[in-house]
Structures are given as structure tokens and as C-alpha cells.
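In: Can you look at this prediction? I've put the sequence above it.
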Amino acid sequence: MDSPSDAGDDEVAASDAQDAADVDPAGSDAGEEVAVEGGTSEAVAATASDGVQGNVSDEAPASDALADQRAWWKESVVYQIYPKSFNDSDDDGIGDIEGIIEKLDYLEYLGVDVVWLNPVYESPQHDNGYDVSDYEAIWEVYGDMDDWERLLDGLHERGIRLIMDMVVNHTSEEHAWFTASREDPDGEYGDYYIWAKGDPDEPPNNWESHFGGSAWEYDEDRGEWYLHLYDVTQPDLNWDNPEVREDVYEMMRWWLDKGIDGFRLDVINLLSKPADLPDGDPTSGWVGSEHFVDGPRIEEYLNELREEVFEGTDTVTVGEMPYLDLEHAKAYTGEDGPMDLAFQFDHMQLDFGERGRWDIGDWDLVDLKQILTHWQNGLSGKGWNSLFFENHDQPRSVSRFADDASYRYESATMLATLLLTLQGTPFIYQGQEIGMTNDTFEGLDVIRDVDTIRNVRQMMAEHGIEEYEKVRDVVEHRTRDNARTPMQWDDSEGAGFTEGEPWIPLGDDFQSINVANEMVAEKSVLNYYRDLIKLRHDHDVLVYGEYELLIPEDEQIFAYTRTLDDEQVLVILNYTDVCTMVNLHLADRTKHLLMGNYPDTPEAVADFSLRPYEARVYEL
């Protein structure tokens, strides 16, 4: 793209081409010079580093008085790796730790600061690793602890931190604690889980599993019910038992002692359940959630966790918190809160229909702006946002929130601009940086996601639906398998992910959408992400600056400013597939283009004429 800086000169282009050639993460001729999207009359290396691909300025203004605000995790960009689908080193069709190690240069090339690694612990894999049977062992298909330690060392050698995904609301039913608990109710582990006596034909209450059906399972061996808010193979731990808590803390300290940089804590606000197990509202989206989301002792448990595990460490805690509201978020992530960051999901519910998650609803840009602005303003100075549009539980954002057909590059880069210019810590999910899309699924028999299978079968039974085609649209829109198809490295038979049979089918478009193509493409989502990451690193205003929404009721344009002291940046996004004109009444302001996703973007204008899904970032 045409840069307002001198980034297109021969010296920078040659240096950047060499950077790409040295990395060569996809096995392609990454050093080949081609015209960059928005290119000048001179060819520029498509894989330009130092912020030149995509209208990027190299200038980085200094900011004052930030010492009391700075934290490495605020200034970081996080890359999430779902190991099962990232890279397979031994061609058994399943990604592994050695496969991640093979791609460390790619992560360094992209410029990310932190890797969030989804669970790699010993597990029977009923929920792809979120059913842990041994917290201090590696699932043998992924490798062993030596492999994991080489991964940690390789990341740290490249200046990339590692946060582990930790699941302590529940374990696998194959965990030694649960085996002992079901065998001996009066033994050491008898009270490690949430058990309830009662009629084998009548669950203790009406709480539902997030995966569909009752949240209770009757155990014939023990003669009691156990609670599982997720899969039946994932019994919930009893956090009211101090011995459970201490065992969990000891295990987490063990991981910190190995040198990791923090944890992403799975469904961490569900730990506390009321002892009397009252019925939930049968009309709610998740029956019982008013009792176990932010339950009666949750603040006590999280504060104790902070004190026992994280106090005095330079680590980060990221809490995944279903149904999180702003007031709880402030309490959890504020100055004295137990978490550093928290995931909220309001914007992930935009497209829910009248029947909830397994229904598709309409939404508009005003809705999205209201939600994001609510969180931007609400946590400003009172907490810290986690910014994301994708993860292992969500469909692909360019398919869900944009246009993956006619304007895949433009809309994927527009979403990237939004993600990386809001206040908070951005999280990029593997494949998002190349614009991977949702897949097609011919039937439930090709679905691997237990959440989809259980919920869709229940929905079909309740509504008397016999044909998959009648639910196919919502399955293909919503299933978590969209995020779990293998990473698309190149256009070879196994997409560069494997030479074996992949554990889940490849995406339909891997031959056109892959890292190798993106490395040299004129319109490169990958290199646009790379340059956005550098832009954010170079400008404190994009990290710490105050957010102000402009034209809130406009149904086509998302525009806002970020302001830090005397530095101000304008972000303007056309969230439509048509050309749009807008006047922000900034004719008297000098505008310096920092970045854009189209060529020949004007430096200074009074009226903005924006092309479909155009994104621009100006310094005012």
C-alpha cells in the first residue's frame, strides 16, 4: 500500500524483503518483491516489515506521564494457538507441540508479543483438552514435557511470552481426584466435587449444561448425582472445600515456577455455587446461571487465588467470564481486583436470534458501536478490556461480522483495524490474521464439536426436526468447528498442516486462503495485520489513549478518536459494501495518514469518501 512515509524507498524494501526471506514461515518464496496493495510506482516487498505494507508511518511520538499506567500485558498483542489444529509435525493428523516449535519464526515475523496456548494437558479429549485428567502432564499425542519446555524456551528467546490455558472449574471424569471421589465418599477426595443425594430419576434441580440437557448426572458407583455445567465427562470441582483450592493453587504455582508468564482462566466466574442448589429461572438462556455465574463466594475465591498464586509475580491473569456485566468487570479487573483482564461476550451475542445461541438474529452497526462503546467507556480508568472477534469457541469473524465473499480482504482488514485500535489488549486467533472463513458441514456426522452435536440434536428433538438441512444454516453459522479446522499454511494436499489425514476436515478454501499466498499477495490480510501490530507498538495513544465515539447513530460508518495528552488519532471505518460519504467536521484539523487498507488514500480531506469496507487511521 501507498505509505505517507518514505517506506517505499529501495533501502527499506530490500531490508524488508530479506526479513521475509529469512523467516519463510510457509515455505514460500517470501522474499519475492511484488507491488504492495496501494503500491507506488516502485515495487515494494509484500512482506515489508518496519510498518510499510498498508499505508503505515514509521513515526512514533513519545508520550509522557505513563509510568504509573504501563504494564507489559496492556502493550502486548496476544496470539492464540489451538494446538490440535495449528501444525502437525509427525503427520498423524493432529497438531502438536513440535509443530508449534516449527512455526515460531512465523510468530516472530507477525510481531506478536504473547502466545495463549489452549490446553495441552493429559486429557481424554472429550472436549478437546478442556477435560483435564492430569494438570502436570502433557497429552502424549502433543508430545511430552521436554517438548513443552523447548517451546517455552523458543518463545522466550524470541521475546514472546507464554500464557497457559487453565481449567479449574471442572476436571475430566478420568482425573484421579474424581476417580477417588466416586469410589469413596468418606475418603480424602470424597468432597472434591459437587455431589447431591436424591432420586436417581429426579435431578437435584433444573440447572442446564451449557452443552445441552441437564447439568446433573447420576453416578451408579457412588449412588449420587454430580454437577457438570459443561460435558457429562467434566464434573465440577467443589471450591467450597479449602483442600480443593489449595491443591489447585499448588498446581498453578508449579506451572509458574516453570517460567510461564500467566494464565487464561477458563470460565473462572463459575467457581462458586450456592450450597442449597436452588432451581433456576426456566425461561433464561442458561437455566440456573443466575445462581452459578458470579456466585455467592466468587470474589472470595478469586481474591484468594490472586494472593496465593500471583501476588508478587510479574504475570498476567485473563479471566474468561460468561455473562459478565460491566459492574462485575470493574470489580474483577480494577486496581485492587483479582484479575488483570476479563473476556466479556456481549458483542458475541449480537447475532443471536429469538431462541438464543442456536438461532440467527439480525443486527446492525449501531448495535455493535453501542456495545463496544459501553465497554470502552465503562472500563476506562477502572479496568482493562480484552479485545477479540475470534477464538476457539467462535466462528470466523470475516464470515460472521463482515463479507467473506466479495470483499474478504477489505472487510477482514477493516475488522483488524477495529480490533487493534480500541483500548484494551487485542487477541488474535490462529488463522484470523490470514482471513480464514467459516466452513461447510454436510451433516452432523462430520461435526467434531460436542457442544454443537448435543445442542443441535436436542433442538431437533424438541422441534420435531428430522432433516439436517433444516438446521444446516445455523450449524454452519455457529459451530465451534469453524474455528477448529486446520491452520492453512499452503495449498498442498494437507494445507501444510499435515501429510496425514487431518483430525477434522480442512477448510474448503485452503488452496486460495493460506499463509504462503498471503506472504506475497498484493492484497495481504497477513501483512496488514503485521503492520497494524507495529503501528500499535509504535503509538502509545493506541494503547492508553481515551476513546470517543463519533456519529453514534450512523448506520454505515464507525468512527472514533483516541486521545493521549496532545496526541490524537482518528479511526474511520466504512462498515458497508458500498461507497459512503461522511463529513466529520474536521476541515480545520491537519490529518496525517498512518494506515489504510486501500491504495491512494488521501492525506488530508474535509469530506471522507470511503470505499467498501475501507479503513483509515489518521493522526490529527
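Out: Great, that's in hand.
In: make it CA atoms for all contacts and neighbour counts henceforth
Out: Noted.
In: how about the strands of the stretch 51-200 of the chain, start to end?
Out: 78-81, 114-117, 121-122, 134-138, 161-166, 195-196 (DSSP state E, counting those that start in this stretch).
In: what's the fifth one packed up against?
Out: Helices and strands touching strand 161-166, as assessed by 3 or more C-alpha pairs under 8 Å, 6 or more residues apart in numbering; DSSP states H and E, comprise strand 114-117, helix 145-157, strand 262-265.
In: Try it again at 10 Å.
Out: Contacts defined by 3 or more C-alpha pairs under 10 Å, 6 or more residues apart in numbering; DSSP states H and E place strand 161-166 against strand 78-81, strand 114-117, helix 145-157, helix 242-257, strand 262-265, strand 316-320.
In: which stretches of the stretch 1-150 of the chain form helices?
Out: Shown for the stretch 1-150 of the chain, the helices assigned by DSSP state H, counting those that start in this stretch span residues 10-23, 97-102, 104-110, 145-157.
In: Any idea which of the ones you listed has the lowest pLDDT on average?
Out: Here these differ in mean pLDDT, and the lowest is helix 10-23 at a mean of 40.
In: where does the stretch 451-600 of the chain have low pLDDT?
Out: 587, 590 (pLDDT under 70).
In: wait, what's in contact with the residue nearest in space to the middle of the chain?
Out: Closest residue to the average C-alpha location of the chain: residue 391 at 3.4 Å, with C-alpha atoms, centre = their mean. Neighbouring residues of residue 391 by C-alpha atoms under 10 Å, 6 or more residues apart in numbering: 79-82, 397, 427-430, 432, 480, 483-484.
In: Give me the distance between it and residue 343.
Out: Between residue 391 and residue 343 the computed distance is 11 Å (C-alpha to C-alpha, to the nearest Å).
In: Now residue 558. Its backbone dihedrals?
Out: The phi/psi pair for residue 558 (degrees, to the nearest 10) reads phi -110, psi 110.
In: Near it, how many other residues are there?
Out: 22 (other C-alpha atoms under 10 Å).
In: That one pairs with what?
Out: Per DSSP bridges, the residues bridged to residue 558 are residue 573.
In: surely it meets residue 550?
Out: Yes. Residue 558 is in contact with residue 550 according to C-alpha atoms under 10 Å; the separation is 7.6 Å.
In: picking up where we left off before, nearest to residue 568, out of the helices and strands packed on strand 161-166?
Out: Residue 568 lies closest to strand 78-81 among the helices and strands packed on strand 161-166, at 24.6 Å (C-alpha to C-alpha).
In: Can you pull out the residues in contact with the closest one?
Out: 87, 100, 107, 110-119, 160-163, 165, 386-388, 390-392, 425-433, 487.
In: strands paired with that strand, and their directions?
Out: Strand 78-81 is paired, per DSSP bridges, with strand 114-117 (parallel), strand 425-429 (parallel).
In: what's the following helix or strand after the longest one?
Out: In other words, strand 425-429. helix 450-462 (DSSP states H and E).
In: Now find how far off-centre stretch 566-574 is within its chain.
Out: Here stretch 566-574 is found 24 Å from its chain centre; the criterion is C-alpha atoms, centre = their mean, to the nearest Å.
In: now stretch 282-300
Out: 24 Å.
In: try stretch 480-500
Out: Relative to its chain's centre, stretch 480-500 lies at 19 Å (C-alpha atoms, centre = their mean).
In: same question, stretch 86-97
Out: With C-alpha atoms, centre = their mean, you get 21 Å for stretch 86-97.
In: Can you point out the buried residues in it?
Out: For stretch 86-97, burial by neighbour count (16 or more other C-alpha atoms under 10 Å) applies to 86, 87, 88, 89, 90, 91, 93, 94, 95, 96, 97.
In: thinking the third one is in contact with residue 102, fair?
Out: Meaning residue 88. Yes. Between residue 88 and residue 102 a contact is recorded at 9.5 Å, counting by C-alpha under 10 Å.
In: CSV for the buried residues of stretch 86-97, including distance to residue 67?
Out: Converted to CSV, the buried residues of stretch 86-97 look like this (distance: C-alpha to C-alpha, whole Å):
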residue, distance to residue 67
86, 37
87, 39
88, 43
89, 43
90, 47
91, 48
93, 47
94, 44
95, 41
96, 40
97, 37
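In: CA atoms of stretch 277-288 as PDB?
Out: Taking Å, rounded to 0.1, in the frame of the first residue of the first chain, the C-alpha atoms of stretch 277-288 are listed here in PDB:
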ATOM      1  CA  LEU A 277     -28.800 -25.600  44.900                       C
ATOM      2  CA  PRO A 278     -32.000 -23.700  44.100                       C
ATOM      3  CA  ASP A 279     -33.800 -24.000  40.900                       C
ATOM      4  CA  GLY A 280     -33.100 -21.500  38.100                       C
ATOM      5  CA  ASP A 281     -35.400 -19.400  36.000                       C
ATOM      6  CA  PRO A 282     -36.700 -21.900  33.400                       C
ATOM      7  CA  THR A 283     -37.000 -19.100  30.800                       C
ATOM      8  CA  SER A 284     -33.400 -17.900  31.000                       C
ATOM      9  CA  GLY A 285     -30.900 -18.600  28.200                       C
ATOM     10  CA  TRP A 286     -28.900 -20.800  30.500                       C
ATOM     11  CA  VAL A 287     -31.100 -22.200  33.200                       C
ATOM     12  CA  GLY A 288     -29.500 -21.800  36.700                       C
END
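In: Need the mean per-residue confidence for it.
Out: Averaged over stretch 277-288, pLDDT sits at 96.
In: buried sites along it?
Out: Quick answer for stretch 277-288 (16+ other C-alpha under 10 Å): 280, 286, 287, 288.
In: Now do the contacts for the third one.
Out: Yep, that's residue 287 we're talking about. Residue 287 neighbours (C-alpha under 10 Å, 6+ apart): 206, 207, 208, 209, 210, 214, 215, 279, 280, 281.
In: tally of neighbours for the third one?
Out: Neighbouring residues of residue 208 were enumerated by other C-alpha under 10 Å; the total is 22.
In: just the fifth one next, same as before
Out: Under the neighbour criterion other C-alpha under 10 Å, residue 210 is assigned a count of 19.
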